[in-house]
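>>> Quick one: sequence plus predicted model below, questions after.
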Amino acid sequence: MSRTVADVMVEVLSEAGAKRCYGVAGDTLNYFTDSIRRSDIRWVHVRHEEAGAMAAGADALLTGELALCAGSCGPGGLHFINGLYESHRNRAPVVLIASQIVRDELGFDFPQEVDFKAVYKTGTVFCEEIRTPTQARRMTAMAAQAALSKRGVAVLIVPLDVSSAKAPDEPAFGVHRAKPLVRPSDGELVQIAKALNDGGKVAIYGGSGCEDAHDQVVALADRLQAPVARTSRAKDFLEPNNPFDVGMTGIFGADGGYHALTACDTLLLLGCDFAWRQFYPTKATIIQVDIDGAHLGRRHPVDIAAVGDVGPTLDALLPRIQARTDRGFLDEALKHNAKAEAQQAKRAVVGKSGTIHPQYLTELISKHARPDAVFTADGGSPMVWCLRHIAATGQNRTVISLSHGTMANAMPQALGAQAAYPGRQVISMSGDGGLSMLLGDLLTTLQEDLPIKVVVFDNGSLGFVELEQKVEGLLDAYTDLKNPDFARVAEAMGFWGRRVEKPEDLDAAVQDWLAQPGPALLDVVTDRYELVMPPKIAASQVFGMALYSAKGVLSGRGGEVADLITGAVKT
């Protein structure tokens, strides 16, 4: 068999570091999958393309290497879209091979014809069609390089008659992995240092840009005696081994981080792009350092802005910072954080009258999981419980849909994490709504020998949506879920499965579930009326909940109101 364009593409992608391709085989993709079959790249056969895109995104995010997904023309390529948007907004280097109908039929509304470029160009760093065989090597190399260097999704649209064509002779285009060190100029560093040295109550707010700069951030905090708040995405990087950590702020955060940011007079933003303006200080000098100049000042006005990697920037900045001994503001912020953590811990206990608090379930998982476990969590309340109650060890990782905020991400992302790290424990903290949305891909665990551990926070509702409706003063509507026994469903698929309804049975069940050698699912019936409390409750939220309570009582739902109020008081 002669060498095809598909062979050239697979060769370039393999040389660029791709080791796995997630997808569903199909007619226009046949030459590409045949080439994968003969390569060192592993084909991971998912049941739905959306799950494949999320799995590829988790793989790429955790490894930092290129991950692939591929699908057939029309519907196959379209099914990837939500998972690819999730991966792109997570800054994961993913390449989609979007196979296309033959070129002679394009533009004639041929069956399964879709203009993929129009669909994908807004949510990618690269989106182009390989129009001729002689473009294949160069275009594939440019797609891979864009995904790796810009940290996002690249889409290659490949008509069938191109992928099946005989490979022509081409120049040796390939992917280059540049790793520059970027820091502000000396003049900018002098300006930043002066602002920090002159500040009274200085706080640091770190984001995912601090991934490789834990020690430098801690050293700067020690020099300034400054509390370190963090975004949700920075949990893995700034929470462990950090005596200056005061937690997260924002809706999912607690009072420690909220107080540090709102009470400071000088705030240093490091590699963070936190979107919610109401959680920034109103009267403070704000300094921002980010590797992407387009992010500077886009969330909130800043006084000093500079482009740089956090690590090299702090290495150059630290000698210019005057050491402080006054811990007043730091101790104040740490006290707020300790009080907030104690308040949250009150709910992480065995519930009364048969109630299982989701916080208690999460604390048990954190206690019994391996130190280097990978956690994924569905958008909504499982994500909040993961961020608040899974302890960062410095070895474990969390993968969560934060910027995109999608449902049904946890289990597919766990598939990608497990494929990337076969020897690590991978735990999916799934909501009942999220799991049921892509339930079919539980079969991928068996098809591909991926022994993930899935826990279902089974509260019989779209819990976060229900809470949002109540905060608006509305009666909750269309959020009820009539769930099966997920453990029995999983057992029918070939999983180990167990359902837990009593809190006294939970500890042993969690240990048994995590000890299983293969895929295992634990279905836990949790309290539907558990509130996710933000660090600061606005008057409008109080009014909304009061209005909901009044409407609930008047409409004969007083029992639900009582359960909600009881939970809020105890929280």
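Arrived safely. Numbers count the residues shown, from 1 in each chain.
>>> How much space separates the nearest residue to residue 393 once chain neighbours are set aside from residue 397?
Nearest non-adjacent residue to residue 393, counting by CB to CB, 6 or more residues apart in numbering: residue 371, 4.7 Å away. Quick note: C-beta positions are derived from backbone N, CA and C, even for glycine. Distance, residue 371 to residue 397, using CB to CB, to the nearest Å: 11 Å.
>>> Compare the two (neighbour count), which wins?
Counted by other CB atoms under 10 Å, residue 371 and residue 397 do not tie: residue 397 has more neighbours, with 21 against 10.
>>> Can you list the residue ranges for helices in the stretch 151-300 of the chain?
Taking DSSP state H, counting those that start in this stretch as the criterion, the stretch 151-300 of the chain carries its helices at 160-163, 186-198, 214-224, 235-238, 255-263.
>>> Tell me which of those helices lies nearest to residue 448.
helix 160-163 (24.2 Å; CB to CB).
>>> by contact count, what packs against the closest one?
Helices and strands touching helix 160-163, by 3 or more CB pairs under 8 Å, 6 or more residues apart in numbering; DSSP states H and E, are helix 5-15, helix 30-37, strand 94-100.
>>> Run through the stretch 51-200 of the chain and note the low-pLDDT ranges.
For the stretch 51-200 of the chain, no stretch has pLDDT under 70.
>>> now swap in the chain and tell me
Under the criterion pLDDT under 70, the flagged ranges of the chain are 1, 347-348, 351-353, 462-473, 475-476, 529, 531-571.
>>> At the geometric centre of it, which residue sits there?
Central residue of the chain (CA atoms, centre = their mean): residue 400, 2.7 Å from the mean position.
>>> Can you tell me how far it is from residue 71?
Distance, residue 400 to residue 71, using CB to CB: 25 Å.
>>> what residues are up against residue 228?
Applying CB atoms under 8 Å, 6 or more residues apart in numbering to residue 228 gives the contacts 203, 204, 205, 206, 217, 218, 221, 238, 242, 244, 245, 246.
>>> switch the cut-off to 10 Å
By CB atoms under 10 Å, 6 or more residues apart in numbering, residue 228 lies in contact with 203-206, 210, 217-218, 220-221, 234, 238-239, 242-247, 257, 260, 268, 270, 330, 333.
>>> what do you get for residue 450?
44, 55, 414-419, 422, 426, 444, 518-519.
>>> Excluding chain neighbours, what is closest to residue 405?
Nearest residue to residue 405, sequence neighbours excluded (CB to CB, 6+ apart): residue 379, at 5.3 Å.
>>> how about the strands in the stretch 1-150 of the chain?
In the stretch 1-150 of the chain, the strands defined using DSSP state E, counting those that start in this stretch lie at 20-23, 42-45, 67-71, 94-100, 126-129.
>>> Now distance to residue 60 and mean neighbour count too, for these, in TSV please.
Shown next, in TSV, are the strands of the stretch 1-150 of the chain (distance: least, CB to CB, whole Å; neighbours: other CB atoms under 10 Å):
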stretch	distance to residue 60	mean neighbour count
strand 20-23	9	28
strand 42-45	13	18
strand 67-71	4	30
strand 94-100	5	30
strand 126-129	14	20
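>>> quick check, residue 311 in a helix?
Yes. With DSSP: H, G, I helix; E, B strand; the rest coil as the criterion, residue 311 is located in a helix.
>>> wait, what's in contact with the residue nearest to it when sequence neighbours are not counted?
In space, not counting the residues next to it along the chain, residue 311 is nearest to residue 213; the distance is 3.9 Å by CB to CB, 6+ apart. Shown in contact with residue 213 (CB under 10 Å, 6+ apart): 206, 219-220, 237-238, 270-271, 309-315.
>>> Out of those, grab the one that's most surrounded.
With neighbours defined as other CB under 10 Å, the most crowded of the contacts of residue 213 is residue 238; it has 31 neighbours.
>>> distance of that residue from residue 232?
Applying CB to CB to residue 238 and residue 232 gives a distance of 11 Å.
>>> Mind putting the contacts of residue 450 into TSV with secondary structure and distance to residue 123?
Formatted as TSV, those follow (DSSP: H, G, I helix; E, B strand; the rest coil; distance: CB to CB, whole Å):
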residue	secondary structure	distance to residue 123
44	strand	22
55	helix	18
414	helix	23
415	helix	22
416	helix	19
417	helix	22
418	helix	26
419	helix	23
422	coil	30
426	strand	26
444	helix	24
518	coil	35
519	coil	31
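>>> need those in JSON lines with distance to residue 178, can you?
Formatted as JSON lines, these follow (distance: CB to CB, whole Å):
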{"residue": "44", "distance to residue 178": "29"}
{"residue": "55", "distance to residue 178": "28"}
{"residue": "414", "distance to residue 178": "32"}
{"residue": "415", "distance to residue 178": "31"}
{"residue": "416", "distance to residue 178": "26"}
{"residue": "417", "distance to residue 178": "27"}
{"residue": "418", "distance to residue 178": "30"}
{"residue": "419", "distance to residue 178": "27"}
{"residue": "422", "distance to residue 178": "30"}
{"residue": "426", "distance to residue 178": "31"}
{"residue": "444", "distance to residue 178": "35"}
{"residue": "518", "distance to residue 178": "42"}
{"residue": "519", "distance to residue 178": "39"}
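>>> Now do the contacts for residue 46.
Shown in contact with residue 46 (CB under 10 Å, 6+ apart): 22-24, 52-56, 69, 71, 83, 412, 415-416, 438, 440-441, 443-444, 447-448.
>>> Are any of the residues you listed buried, and if so which?
Applying 16 or more other CB atoms under 10 Å to those, the neighbour count classes 22-24, 52-56, 69, 71, 83, 412, 415-416, 438, 441, 443-444, 448 as buried.
>>> Many thanks, have a good one.
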